[in-house]
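Peer 1: need the 3D shape of this:
(2 chains)
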Amino acid sequence: MPDLSMRIRDLTLRPGAAAVSTQISGGEIVGLAGLDGHGQDVFLRSLAGLERNQAAVDLQGNSIASFRDAEKNAVVYVPRDRRSTGIFPGLSILDNFAIATPGRDRRGLLISAKARRARYEDWKERLQIKAPSPDAPITALSGGNQQKVLLARALARDPKVLLLNDPTRGVDVATRLVLYDLFRDLAAQGMALVILSSEIEEILVLCNRVLVFRDHALAAEISGAAMRTDTVIAAMFGRQA
Amino acid sequence: MTRIFGRYGFAIAILVVLLIANLVMNPARFAPGNWGTLLGLAAPLIGAALASTPVILAGRGGIDISVGPVMGLVSAVVIKVLYLDAGLASPFILWPAALLVGAAIGAFNGFMATVVRVQPIVATLGTYLILGGLTLTILPAPIGPAPDWLKAMAGAWSFLPLGIIAALWWALCRTPFHGQLMAVGSDDRAAYTAGVPVTLTRFLAYVLTGVLAGAAGMMLTALIGSADPKVGANYTLIAIAAVALGGVSLAGGRGGLLGAAIGAVDIFLLQSLLTAFNVSTYVLQVAYGTILVAAVVLIALQDRSAKRSHA
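Peer 2: Predicted coordinates:
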């Protein structure tokens, strides 16, 4: 199997802004940084096919021009706003987990509740989800555990590229550490992860490389030893470090 | 079990009270031997309530007010066009024909509401008017009779169509469609980002509503033993009342066919109790309205307190 690579060629995030080109490979954790509203959010959503991306994004040669393409090519996006675009407040934890992959629990024609529960229990263990019963409403969980259920939902789709929009926002420290370990594990297994974070420390701890956005253009691409708080902040504000 | 009771608790409580009141007031009518006939009497309303449910579950203002006229049209097509004019009497032709008519109208409604994106209430109001006129064109005045096997479905065999619907719904709840329907109704943006085919799911909800409305039309035909162009439309609003009474959230994503059926039985029992008291039909309407408002308020209060206990 050839190494996974997602290529972005001349993607303009806003009319008039300079085009962005880069490549994201399997096994890599790429951070997206920038002051809020400087294009990193649009960039991430473009990778997911949720914004018009002028067919500038492809994965192994398959163009990701729409959300449907993203879905077909196992590019999975986890949205930022958990409350309005993530969880289904009216449904149970189990249903919230299984909604993206209902066909997996099919035994014959019908869904087996047992198979679904077993699948959930696996993820529950792996992500250390602290939840009462799987039938409890998702709103009974803490923010961190809701986020873990959402991640379990996304991971159940076996993504090749996982796009995370501020995955640790409103999540407690202990849960963060669990998630960091998980992200590193996933990358080690060959998945490509793109993580938008509003916290620079998080990106420094987690990522191999950071793309810093300013004015809807790529201001800097920093990796290795040059990746420090001061260099990232300088790029965010458009100054030389 | 507790979950079912929690959601439908109010409708079930009314059901028990009304059932006991009916048994006391009217023991002869509610004798076990008459249950088939009683169910046959209630069947069109139950069917209409079941039909109204899927689109409401699909959320974002989903509603189908053409359910009643579909019942009328199905009745006219089956009796006038197929049975009397074309001489087709077999249940294996008439039932599929009825369901197909319903499905076609459901598909049209679904196309208008989900692809063209006309507001569901406006789209189905258009269908309501079209079908009303179409039915009267096919069948200007009541005509009969219905085939004997169909009339039997309002008597001893009345449990059959409802039983089949119940079995199919049970199966449907164990397919991906049900989960997707509830997800779309609960929050369509979240459903979209989770990879649920939102438009297709909503469209299928309209088709399902159409099919169930076709079945309800057959139950209506069975009950009146003929085709009457004017009866069907009356079921539209009372069916929606039954759905609301049965704990189905009109905002979508909560409830199910069982609740809608219980709501419909509640209304039927209320009707039969008040008729036993010789109350005028005008008062009957006041009673419907009152019980509906009370039910919706109580369900809203219950939802609010449930939300607070989780927050």
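
Peer 1: how does chain A divide into domains?
Peer 2: Per automatic domain parsing, the domain ranges recorded for chain A read A:1-74+A:159-241, A:88-157.

Peer 1: out of these, which is closest to B:Leu208?
Peer 2: Of all the domains of chain A, it is domain A:88-157 that lies closest to B:Leu208, at 17.0 Å by C-beta to C-beta. For glycine as for every other residue, the C-beta is placed from the backbone atoms N, C-alpha and C.

Peer 1: are that closest one and chain B in contact anywhere?
Peer 2: Yes - using C-beta under 8 Å from any C-beta of the partner chain, domain A:88-157 comes into contact with chain B via A:88-91, A:95, A:98-100, A:102-103, A:106, A:109-113, A:135, A:137, A:139-140, A:153, A:157.

Peer 1: from those residues, keep the buried residues only.
Peer 2: Buried members of the residues of domain A:88-157 next to chain B, counted by 16 or more other C-beta atoms under 10 Å in any protein chain shown: A:88-91, A:95, A:98-100, A:102, A:111, A:137, A:139-140, A:153, A:157.

Peer 1: which of these fall within helices?
Peer 2: A:Asp95, A:Ala98, A:Arg153 (DSSP state H).

Peer 1: dump those residues into CSV; add distance to A:Asn145 as well.
Peer 2: Conversion of those to CSV gives the following (distance: C-beta to C-beta, whole Å):
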residue, distance to A:Asn145
A:Asp95, 15
A:Ala98, 16
A:Arg153, 13
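
Peer 1: can you redo those residues as a markdown table with distance to B:Leu125 and pLDDT?
Peer 2: Output for these, formatted as a markdown table (distance: C-beta to C-beta, whole Å; pLDDT from 0 to 100):
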| residue | distance to B:Leu125 | pLDDT |
| --- | --- | --- |
| A:Asp95 | 33 | 90 |
| A:Ala98 | 37 | 90 |
| A:Arg153 | 38 | 93 |
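
Peer 1: the bottom helix or strand of chain A by mean pLDDT?
Peer 2: Every helix and strand of chain A was ranked by mean pLDDT, DSSP states H and E. The lowest is helix A:82-85, at a mean of 78.

Peer 1: is the most centrally placed residue in chain A in a bridge, and if so with what?
Peer 2: Nearest to the mean C-alpha position of chain A, by C-alpha atoms, centre = their mean, lies A:Leu164 at 1.8 Å. Legend: beta-bridge partners of A:Leu164 under DSSP bridges are A:Val78, A:Ile195.

Peer 1: so what's it up against?
Peer 2: A:Val78, A:Phe183, A:Leu193, A:Val194, A:Ile195, A:Leu196 (C-beta atoms under 8 Å, 6 or more residues apart in numbering or on different chains).

Peer 1: for chain A, which segments count as strands?
Peer 2: A:5-11, A:20-25, A:29-34, A:57-59, A:62-63, A:75-78, A:106-107, A:110-111, A:161-165, A:192-196, A:209-214, A:217-223 (DSSP state E).

Peer 1: could I get those strands as JSON lines with mean pLDDT and distance to B:Leu82?
Peer 2: Shown next, in JSON lines, are the strands of chain A (pLDDT from 0 to 100; distance: least, C-beta to C-beta, whole Å):
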{"stretch": "strand A:5-11", "mean pLDDT": "92", "distance to B:Leu82": "58"}
{"stretch": "strand A:20-25", "mean pLDDT": "93", "distance to B:Leu82": "62"}
{"stretch": "strand A:29-34", "mean pLDDT": "94", "distance to B:Leu82": "64"}
{"stretch": "strand A:57-59", "mean pLDDT": "92", "distance to B:Leu82": "54"}
{"stretch": "strand A:62-63", "mean pLDDT": "90", "distance to B:Leu82": "51"}
{"stretch": "strand A:75-78", "mean pLDDT": "93", "distance to B:Leu82": "51"}
{"stretch": "strand A:106-107", "mean pLDDT": "82", "distance to B:Leu82": "38"}
{"stretch": "strand A:110-111", "mean pLDDT": "86", "distance to B:Leu82": "34"}
{"stretch": "strand A:161-165", "mean pLDDT": "95", "distance to B:Leu82": "55"}
{"stretch": "strand A:192-196", "mean pLDDT": "96", "distance to B:Leu82": "60"}
{"stretch": "strand A:209-214", "mean pLDDT": "94", "distance to B:Leu82": "66"}
{"stretch": "strand A:217-223", "mean pLDDT": "92", "distance to B:Leu82": "68"}
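
Peer 1: right, I'll call it a day here.
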